[in-house]
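[1] Sequence and predicted structure below; questions after.
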Amino acid sequence: MKKTFARLMALSAFTLMTGSAMAQNPIIQTMFSPDPAPFVYNDTVFLFVGHDEDDAQYFSMKDWTLYSTDDMVNWTYRGTQISTATFEWAKQGDRAWASQGVERNGKWYWYVCCNTNEGGDALAIAVADSPTGPWKDAIGKPLAEGFGFIDPTVFIDDDGRAYLFWGNKGLWYGELNDDMISFKNGYQEVPGYRDPKSFGELQSKMNWAKGRNEMMTQYEEGPWLMKRNGVYILSYPAGGVPEHMAYSTAPTINGPWTYRGRIMNESENCFTIHGGNIEFKGRHFMFYHNGTLPNGEGFRRAACVEEFQFNEDGSFPFIPFTKEGIRKPVKNLNPYKRTEAETIAYSYGLKTDRRPGTDHFITNVHTGDWIKVRSVDFGEQKPSQFFASAASAGEGGMIEVRLDNLNGDVIATLQVPSTGGEEAWKTIEAKIRSRKPITGVHDVYFLFRGGDKELFNFDWWCFK
């Protein structure tokens, strides 16, 4: 019982610290999720991220993960889809650094960077028929190799021509063929990369390739390319360490680039800030990462997002950091259809599996852990039952369903028994017990209780 009491005390402290009723950033709490790269596909935002290990003391990164949302406030874990093992020629178990995925003509392409077995920086491509895989090495070798060849970003122009930009302490680009896995005419350094008029005032930075300091522009790494009103906009971490977010613009993909200034300040509790922006449902969102999760820091980073509006002249505004993140969802969540347990607005203490494929669940559930789901629209239907699928190899536990905050009314209590295995799933139901009928839009919390040990795994839920 001492462990249970200590965990509940930690929960209370964490709730007070984050203001759980309002907190949205970081948007993923079940694992560290650096280098967020969003991609809009139909009515869904897919978020391609890296994965810092929980005990990382450097950039300890073995795999890449995928999330999605259709409301911008609840994020669904879609699997740890690829790893360094996807590429047989790559150094295994390390250097799974920044990436970006896109869809084109029914195929999905995931551009990543890793090390070769010889230790050099290289770009790689995985391909799949679906964002949830299965993914495979597209070409069986590096797309390009060179010192600083990291952080690829892909951009498909209005005319259908696709381009890849990348680089740390250097900035390169090349046009891709229609197959998306080869360059049309090779690649080259971005024109103006060394010009302060193009990428900001010069400062002394370490050139690791030459082992000495050199005067370089503000551009550091992690390019992100977009086009708006006929203007190409390249945003990037800038200024060395610690990084802030800055941008340059150009009338053509080949330049000339003009430095425009700072977008975001240096990230919180973190010396990098890699991210990118999208337009979704007529609204603009900027992604980045910070080190503010429990146990977070510069090598244990988590994805965040802020909403913004472009200035009237088309320029970026300065975007401040917030803990609230997205205040208004794009849409509400329907509680009367199956919702994956790994669909989360905010959580405490939980983990997700680290599998590829389409079937995923919440694990590492202990007493005092919780999940928040935002903007759940019960309408006028007045639910009478709550259903959930769970599995337990131990004694099981309990799910308390609460409305609007962790101290809100308990509207259902679901007892999870031992099911005989960690994936021996059982659908369990509980009656809704509320002083008044439940209607309208609410935040829903799942608070887990039981003994000192791990309680159960949690697969999905719904109301009826």
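    Okay, I see it. Numbers count the residues shown, from 1 in each chain.
[2] Quick check: what element follows the lowest-mean-pLDDT helix or strand in the chain along the chain?
    None of the helices or strands of the chain scores lower by mean pLDDT, DSSP states H and E than helix 2-18, at a mean of 47. Downstream of helix 2-18, the next assigned helix or strand under DSSP states H and E is strand 37-41.
[3] name the helices or strands packed onto that next one?
    The contact analysis (3 or more Cβ pairs under 8 Å, 6 or more residues apart in numbering; DSSP states H and E) places strand 37-41 against strand 44-49, strand 100-104, strand 276-280, strand 283-290. C-beta coordinates here come from the backbone N, C-alpha and C atoms, glycine included.
[4] wait, which of the ones you listed is closest to residue 116?
    Residue 116 sits nearest to strand 100-104 of all the helices and strands packed on strand 37-41, at 20.3 Å, using Cβ to Cβ.
[5] Adjacent strands (with direction) for the helix or strand following that closest one?
    Using DSSP H and E, the helix or strand that directly follows strand 100-104 along the chain is strand 107-115. Sheet pairing of strand 107-115 (DSSP bridges) gives strand 100-104 (antiparallel), strand 121-128 (antiparallel).
[6] Dump the ones you listed into a markdown table; add mean neighbour count as well.
    Formatted as a markdown table, the strands paired with strand 107-115 follow (neighbours: other Cβ atoms under 10 Å):
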| stretch | mean neighbour count |
| --- | --- |
| strand 100-104 | 21 |
| strand 121-128 | 22 |
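[7] would you turn these into CSV with distance to residue 247 and mean pLDDT?
    Output for the strands paired with strand 107-115, formatted as CSV (distance: least, Cβ to Cβ, whole Å; pLDDT from 0 to 100):
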stretch, distance to residue 247, mean pLDDT
strand 100-104, 17, 98
strand 121-128, 23, 98
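[8] I'd like to know which of the helices and strands packed on strand 37-41 is closest to residue 411.
    Between the helices and strands packed on strand 37-41, strand 44-49 lies closest to residue 411; by Cβ to Cβ that is 29.4 Å.
[9] Each with direction, which strands does that closest one pair with?
    Going by DSSP bridges, the partners of strand 44-49 are strand 37-41 (antiparallel), strand 63-69 (antiparallel).
[10] any low-confidence regions in the stretch 251-400 of the chain?
    Within the stretch 251-400 of the chain, no stretch falls below the threshold (pLDDT under 70).
[11] As a check, name the ranges of all strands in it.
    Remark: strands assigned in the stretch 251-400 of the chain by DSSP state E, counting those that start in this stretch are 258-264, 276-280, 283-290, 302-308, 339-340, 343-344, 346-348, 351-352, 362-363, 370-377, 385-391, 397-403.
[12] Including mean neighbour count and distance to residue 65, could the ones you listed go into a markdown table?
    Output for these, formatted as a markdown table (neighbours: other Cβ atoms under 10 Å; distance: least, Cβ to Cβ, whole Å):
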| stretch | mean neighbour count | distance to residue 65 |
| --- | --- | --- |
| strand 258-264 | 18 | 23 |
| strand 276-280 | 19 | 16 |
| strand 283-290 | 22 | 13 |
| strand 302-308 | 22 | 10 |
| strand 339-340 | 20 | 15 |
| strand 343-344 | 22 | 14 |
| strand 346-348 | 23 | 15 |
| strand 351-352 | 20 | 9 |
| strand 362-363 | 24 | 15 |
| strand 370-377 | 21 | 18 |
| strand 385-391 | 21 | 22 |
| strand 397-403 | 21 | 25 |
